[in-house]
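S.K.: What follows is a predicted protein model with its sequence.
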Amino acid sequence: MRLFEAVRPRKFYHVTLSENVSSIMKKGLIPTQGERSAKLDDYGIFMFGDKSHMEDALMNWLGDEFDEDDELTVLILTLPDNWPLVNEDTAGFEWISRDPIPPKYIQVGWTE
């Protein structure tokens, strides 16, 4: 049960392995059920609605999902207001797109 309605941001943050960036910038982000989302029995493109929540996740549970030697890149997604998104988590900071996100909405932020 959610105690509030999450305010939908315009920019989102998505963390990926740096080795995936070249392909993502050509093909976009494609919703799939990867290793992490399979644990949740879910699929999609998972993203954070603000930088601080993404950084908190990387310092905690999300960072634990990657090997210590993995180079990570943060992608910044600027999506239209009518882009279909799901926000099912109780805290309201994680968003999911079940539709592919074309490269025109993606920019490389930085490497972690």
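M.R.: Looks like it arrived, so ask away. Residues are numbered from 1 along each chain as shown.
S.K.: Please enumerate the strands of the chain.
M.R.: 11-17, 45-48, 72-78, 94-97, 106-111 (DSSP state E).
S.K.: Determine the angle, from 0 to 180 degrees, between the longest helix anywhere in the chain and strand 106-111.
M.R.: Looking across the chain with DSSP state H, the single longest helix is helix 51-59. Using axes from the mean of the first three to the mean of the last three CA atoms, to 10 degrees, one finds that helix 51-59 and strand 106-111 are set 60 degrees apart in direction.
S.K.: hey, which of the strands of the chain is tucked in deepest?
M.R.: strand 45-48 (a mean of 24; mean count of other CB atoms under 10 Å). Where you see a C-beta, it was placed from the backbone N, CA and C, and this is true even at glycine.
S.K.: contacts for that one?
M.R.: 12-14, 29-31, 36-37, 54, 57, 77, 93-98, 101 (CB atoms under 8 Å, 6 or more residues apart in numbering).
S.K.: so for it, what's the average pLDDT?
M.R.: Strand 45-48 comes out with an average pLDDT of 92.
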